[in-house]
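1. Return atomic coordinates for the entry below.
(chains A and B)
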Number of protein chains: 2
Amino acid sequence: MEQAFVYVVPFMGIIGLIVMAIKSAWVTKQDAGDANMAELAGHIAKGAMAFLKAEWRVLTYFVIIAGIILAWSGTLIETSSPVIAVSFVIGAFFSALAGYIGMNIATKANVRTTQAAKTSLKNALNVSFTGGSVMGLGVAGLAVLGMGSLFILFYNVYVVSTGANVNGLEMSKALEVLAGFSLGAESIALFARVGGGIYTKAADVGADLVGKVEAGIPEDDVRNPATIADNVGDNVGDVAGMGADLFGSYVATILASMVLGREIVSADNFGGIAPVLLPLVIAGLGLLFSVVGTLFVKIKTDNDSVQAALNKGNWYSIILTVIASYFVIDYMFPEGDLVMIREGSPSFTKMGVFGAVFLGLIVGALMSIITEYYTAIGKKPVNSIVQQSSTGHATNIIAGLAVGMQSTVMPIIVLAAGIYGSFLFAGLYGVAIAAAGMMATTAMQLAIDAFGPIADNAGGIAEMSGLPKEVRERTDILDAVGNTTAATGKGFAIASAALTALALFAAYVGLAGINTIDIYKADVLAGLFIGAMIPFIFSSLAIAAVGRAAMDMVNEVRRQFKEIPGIMEYKAKPEYEKCVEISTAASIREMIPPGAIALISPIIVGFAFGPEVLGGMLAGITVSGVMMGIFQNNAGGAWDNAKKSFEKGVEINGKMEYKGSEAHKASVTGDTVGDPFKDTSGPSMNILIKLTSIVALIIAPHISEGDGHGHANLEKEIIKEIKVEAIKEIVSVEVLKVD
Amino acid sequence: MEQAFVYVVPFMGIIGLIVMAIKSAWVTKQDAGDANMAELAGHIAKGAMAFLKAEWRVLTYFVIIAGIILAWSGTLIETSSPVIAVSFVIGAFFSALAGYIGMNIATKANVRTTQAAKTSLKNALNVSFTGGSVMGLGVAGLAVLGMGSLFILFYNVYVVSTGANVNGLEMSKALEVLAGFSLGAESIALFARVGGGIYTKAADVGADLVGKVEAGIPEDDVRNPATIADNVGDNVGDVAGMGADLFGSYVATILASMVLGREIVSADNFGGIAPVLLPLVIAGLGLLFSVVGTLFVKIKTDNDSVQAALNKGNWYSIILTVIASYFVIDYMFPEGDLVMIREGSPSFTKMGVFGAVFLGLIVGALMSIITEYYTAIGKKPVNSIVQQSSTGHATNIIAGLAVGMQSTVMPIIVLAAGIYGSFLFAGLYGVAIAAAGMMATTAMQLAIDAFGPIADNAGGIAEMSGLPKEVRERTDILDAVGNTTAATGKGFAIASAALTALALFAAYVGLAGINTIDIYKADVLAGLFIGAMIPFIFSSLAIAAVGRAAMDMVNEVRRQFKEIPGIMEYKAKPEYEKCVEISTAASIREMIPPGAIALISPIIVGFAFGPEVLGGMLAGITVSGVMMGIFQNNAGGAWDNAKKSFEKGVEINGKMEYKGSEAHKASVTGDTVGDPFKDTSGPSMNILIKLTSIVALIIAPHISEGDGHGHANLEKEIIKEIKVEAIKEIVSVEVLKVD
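-> From the prediction side, this is the model:
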């Protein structure tokens, strides 16, 4: 009976997908507004699909080539299999599908939200949040279904059918093959996030620089040729990119916990697979309770707080998941001590495992709260940027950079405490399961995140179609809430990525057959330095790409204003599709170098310098990536809201300053600098640190120094003892006296 | 005879100081120009001394309190001594003295350079470079004399008089006490660098924002009340701050090599102390050959290249030092294998030691070349910033940030290769001795560095006194060369700091009695994260401090323009001293929080979480600090030269753009943002990473897990073996089969 429990997991995924389909159908049948709105929405949807198709074309080549290499590499060693290529392709396909589902619903929900906003805020929230839920449930449902089904398959083929030990080689092989799914998901995520991020910011910066600054027309004005590209960008970057990103995170977290779970010896209970199964079960539970949570996201009148409604839904799903996790862990895990089969791992109990889940959720919540403090209007950090805008562009930038750097302190302390605490609770498995707990309600988190860009688009359509002021006011309320949820979502994402990366790191160490990552060794330390540099070059490439693509966009918009007479008088329509093409081409072209660095650098270092140096490199990437991610996300968010502060007016040196003042202009500079920080390079850091760890995990058995399965290598131990003896002889008599 | 060789070292220091005194006297007797020039120079000298006095007042309290704590802590354990407090006070005093010597000569040389520039470039170079040499020889002379004399003292007291083993506890104690000297030097350096950095940039940014931007008067105009403070800033930041900085680096590098040298067993040769003595001897040789090198820094006519003259002097001193090092190492070290008494250390030969010295010099040279590429006018990186200035402030900033991040790649690869290579040559001692080799010609390096701000000041005095155009042209040539040497000097400084920090790190591991810094352990990894965050909060505090202090300055200058009628018509003199007071007060106030973080955080982590977690933290600080240092220094340097590119005109989109264009205004924004990057927070990273390592080294015996002397702890080894056995039992039969 107990082993059959494993079949429950894909069912939970299917339930999530069924609810998704119902919600999707509901959104589709809502009123899509008049012909004008439909035309604009059509442009946006077409542009978004054009980008996806172009992206998929490039990625298809990548998937084929990487798949062949993986299949070949799977034949080289006993502990892997060419089947890994199949998982990889499925993972890549599911990731792309998750992005597609999100974008498809978002480009429908946007115009329907605008239409709903004609009647009430309540209806507008309902449509936009249901759109977001479709994405959330789609991502989580596909992940749970995919991981659950593939695990059943590989578990049966490699372990059950051979009657092998669930802590042994065959189970390790099943999980190694399953890792292909995560590699597929995460590599698509990287390209989607980076490509989407470059797209959206190139269009945004380009549209602003010529439209707002040179031509003096408002944002989202139909006369701006880049405005459709800008709205497409919200969908490809903030929706499809983010969907693929969180799909990748979710899968990676589950995988890392499963790999570490294999090492826990609990053979007398639950067929021995409870620790491997638990992450999947928690994910399934989180998905179901996210469905429950979405029911609570409702307001009654236009005066009710949208943020409060979102928080309510979020907390319900979290609390229900925690309670259910308690009972599930209690049911699945044996009494008494649990031990991991690797040197240096402490023993722990099942309540320790639950403690780690709980701690993970607390860390996630704290990260969101801290992020909100550093990026919210009216709080001290944003206000310091506002004040320093009064002395010009430069002091605005200095203030924003200082805020971004400062904002790393509390998150890092929380994260360090989380690592330390979850390790005390349940060893390395605790660190992984804390991340899994944090990610459990991804469906709900993503629903909240994805509703923001839908509302943003809805506002754009309202503006472009010239709808009455109260419609725009309602979409603006949703958009403002969306800005906050975007910032807090990023804080959450980086925390979960950090814990996941650490869990993958631990899983890697096991598979690579090493017992330490000793940075006191010169080569490992060199690896740490090289690793720490990767996020810098990655960010540099992403930021510079936005700069270049934005310049292309600026030149195209300037050309259209010059060569197409009558645009400014509404007599001629701009060639929107030209701008869409530029953003698409630039983002596809520019996403390749950073993506290649992330994929290739761990392979080179691993094969050239061995597993321990690669371990040092992974640590460097993780630490530096987390710092750069928090720094860039928060600096960007703070600059954005410093600019927004001027909309209602701010007091500087006892005088009220508004939009259009010199201080406001300085704040626009900060916002523009912050755009690639917070929407391109910053959020890519999550994926970078996870992807490099997964690549390392995949190559671990190939570069392994030991048997590749995480057990102390006898030979190495013997050499060590001989060495110790030799050193003892050298030590002078005087010193030995003290010993 | 051989043991007597140790007495040669302080003599070399004394020779350096004698040459310094001769050069100083020569500068002093040069013509100081007319009354007007003398008055301005007097204002600058007075302001500079006022800052030094204010700084010393605060630091005196610090030295007394820290000294008492050190003396007390020295009584707690057998392996230290209250005498450490005496070394600490002497180190602090010497560091302050080095800063004073530099500033004293710089405030004399500046006006004499202006006067000399009236006749020829040759004479102007002669005066300004001789001024720089005084500083270089003073710093290196004091370091060699101080370290050499104290070592002789402690070596005799603790080792020779007791007849103890030179690899043993008593030698360790002598070096632990000597470490106090380095702690004193480095902590004064930190405050001097940060305080000076805040001072100079607050004055610079403040003077520019009101003077150039609002009032429309040129830089260094006598009507600007902040102009004297700006010129004082060049002296307190770029001269006194840098002098204390390099003094600290130099001492720390020598110390780290000596501590590691103690662990090398070569008892059959040179009284066994050759490895401990070598770093001192190399430093002494470098000092003497720097004196020789200065003789080659000469030009004949105004058309000769100043840069070429500097390079010639630099290369002569480096090459002579390398050759001499070869013979010295060959003479001092025994034939055959050298072994360090710690687990995991490879054996090496004396030619390996020489190889490491040589490699260190190559790394230093490469770092300078790479830094120059990323910050030089006309090269691709700076040009990309120039091009992106055409679309506004924001794209200029984005481009600069991208260049800064990108510029970390090559230096990190060089550094990683240097670490790896020097370890292969001579183990951990090789890493330390590579740093020592790189730092050997500090006297020459510093002479080249310090000549820049002297020339800058000379130009300021020429401008303020309204001297003829050709005078200013000559000082401008020197100033431009000074900008390049400032940038390359920073590349060199960060590389040497990184190697020194690693050497200190290795020395710390020995003293802390741990065998690994295993980041695979959760608590060590948490330490790594916390460490990586420290450079971010440090930079944030430093940058924000400049922002705040500049705002104070802006308000004061605005007040004077308003309340003192006739300033703009040269009828009334501005109150220069008020601006000097503001910069002084702000910098003294603001230097304390970042300084406190650097000093206190390793102590807290070390005592609360033990030596291995502190090791993780040190690695985090070092890696993150090196990245942030390179990023900030190079971004700042590139922005500066992007702005300077407009002075001669640049081609953007096929059109020539000059000073005053919109693109130039955007480039000024970048330069202002870059100011605190490159002159406050960036260069402080060097000191931060070294100081935290020295603090760790000092507390190491107090938090040691073993015997505190770097030998494998027998008890620990036994426990480990038992653990390994236990784990082997747990591992399933199937798995064992593979083993």
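
2. Tell me the secondary structure at residue A:298.
-> Under the three-state scheme (DSSP: H, G, I helix; E, B strand; the rest coil), residue A:298 adopts coil.

3. Repeat that for residue A:166.
-> Applying three-state DSSP: residue A:166 is coil.

4. you'd agree it is up against residue A:160?
-> No: the criterion here is CB atoms under 8 Å, and residue A:166 misses it with residue A:160 at 9.3 Å. The way it works is simple: take the backbone N, C-alpha and C, and place the C-beta from them, glycine included.

5. more crowded one of the two?
-> residue A:166 (25 against 16; other CB atoms under 10 Å in any protein chain shown).

6. What separation do you get for the more buried one and residue B:440?
-> Distance, residue A:166 to residue B:440, by CB to CB, to the nearest Å: 61 Å.

7. for residue A:369, same thing?
-> 52 Å.

8. Which one of those two is surrounded by more residues?
-> Taking other CB under 10 Å, residue A:369 and residue B:440 do not tie; residue B:440 has more neighbours (34 against 13).

9. ok, and the closest non-adjacent residue to the more buried one?
-> Spatial nearest neighbour of residue B:440, chain neighbours left out: residue B:286 (3.0 Å); criterion: CB to CB, 6 or more residues apart in numbering or on different chains.

10. got a pLDDT number for the one you found?
-> Predicted confidence (pLDDT) for residue B:286: 95.

11. what number of residues lie near residue A:342?
-> Neighbours of residue A:342 using other CB under 10 Å come to 22.

12. is it true that it lies in a strand?
-> No: when three-state DSSP is applied, residue A:342 is found to be coil, with no strand at that position.

13. So it sits against residue A:507, correct?
-> No: between residue A:342 and residue A:507 there is no contact under CB under 8 Å: 10.7 Å.

14. Strands of chain A, residue ranges please.
-> For chain A, strands defined by DSSP state E occupy the ranges A:264-265, A:339-340, A:650-652, A:655-657.

15. Neighbours of residue A:289, how many?
-> Neighbours of residue A:289 (other CB under 10 Å): 24.

16. how close does it get to residue A:140?
-> 11 Å.

17. Residue A:431 too?
-> Counting by CB to CB, the gap from residue A:431 to residue A:140 is 22 Å.

18. Check residue A:96 too.
-> Applying CB to CB to residue A:96 and residue A:140 gives a distance of 16 Å.

19. okay, the two: which has more neighbours?
-> Using other CB under 10 Å, the more surrounded residue of residue A:96 and residue A:140 is residue A:140, with 35 against 26.

20. Relative to residue A:429, how far out is the more buried one?
-> 22 Å.

21. contacting residues for the nearest residue to residue A:353 once chain neighbours are set aside?
-> Nearest in space to residue A:353, with sequence neighbours left out and distances taken as CB to CB, 6+ apart, is residue A:426 at 4.8 Å. Contacts were defined as CB atoms under 8 Å, 6 or more residues apart in numbering or on different chains; by that measure residue A:426 touches A:338, A:348, A:352, A:353, A:355, A:356, A:433.

22. looking at those residues, which has the most residues close by?
-> Busiest of the contacts of residue A:426 [other CB under 10 Å] is residue A:433, holding 35 neighbours.

23. wait, it sits on residue A:355?
-> No: Residue A:433 is not in contact with residue A:355 according to CB under 8 Å; the separation is 9.6 Å.

24. anything in contact with each of these two?
-> A:422, A:426.

25. For residue A:351, give me its contacts.
-> residue A:329.

26. separation between it and chain B?
-> For residue A:351, the distance to chain B equals 19 Å [CB to the nearest CB, to the nearest Å].

27. With adjacent residues omitted, what lies nearest to residue A:370?
-> Nearest one to residue A:370, counting by CB to CB, 6+ apart, is residue A:410 at 4.8 Å.

28. Count residues in the vicinity of that neighbour, would you?
-> 18.

29. next one: residue A:295
-> For residue A:295, using other CB under 10 Å, the count is 11.

30. Quick check: the closest residue to it other than its chain neighbours vs residue A:146, distance?
-> Leaving aside its chain neighbours, residue A:295 sits nearest to residue A:313 (7.6 Å; criterion: CB to CB, 6+ apart). Residue A:313 is 25 Å from residue A:146, where distance means CB to CB.

31. Compare these two (neighbour count), which wins?
-> residue A:146 (27 against 24).

32. shouldn't that one be in contact with residue A:89?
-> No: taking CB under 8 Å as the definition, residue A:146 is not a contact partner of residue A:89, at 11.7 Å.

33. for the stretch 151-300 of chain A, what spans make up the helices?
-> Secondary structure of the stretch 151-300 of chain A (DSSP state H, counting those that start in this stretch): helices at A:169-207, A:227-233, A:242-262, A:274-294.

34. What number of residues are in the vicinity of the residue lying closest to residue A:143 once chain neighbours are set aside?
-> Closest residue in space to residue A:143, ignoring its immediate chain neighbours: residue A:250 at 4.7 Å, by CB to CB, 6+ apart. By other CB under 10 Å, the residues close to residue A:250 number 31.

35. Contacts only, for residue A:250.
-> By CB under 8 Å, 6+ apart, the neighbours of residue A:250 are A:139, A:140, A:143, A:283, A:439, A:442.

36. Dump the residues you listed to a markdown table, plus pLDDT.
-> Listed next are the contacts of residue A:250 as a markdown table, based on pLDDT from 0 to 100:
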| residue | pLDDT |
| --- | --- |
| A:139 | 95 |
| A:140 | 96 |
| A:143 | 96 |
| A:283 | 95 |
| A:439 | 91 |
| A:442 | 91 |
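
37. Done for today, thanks.
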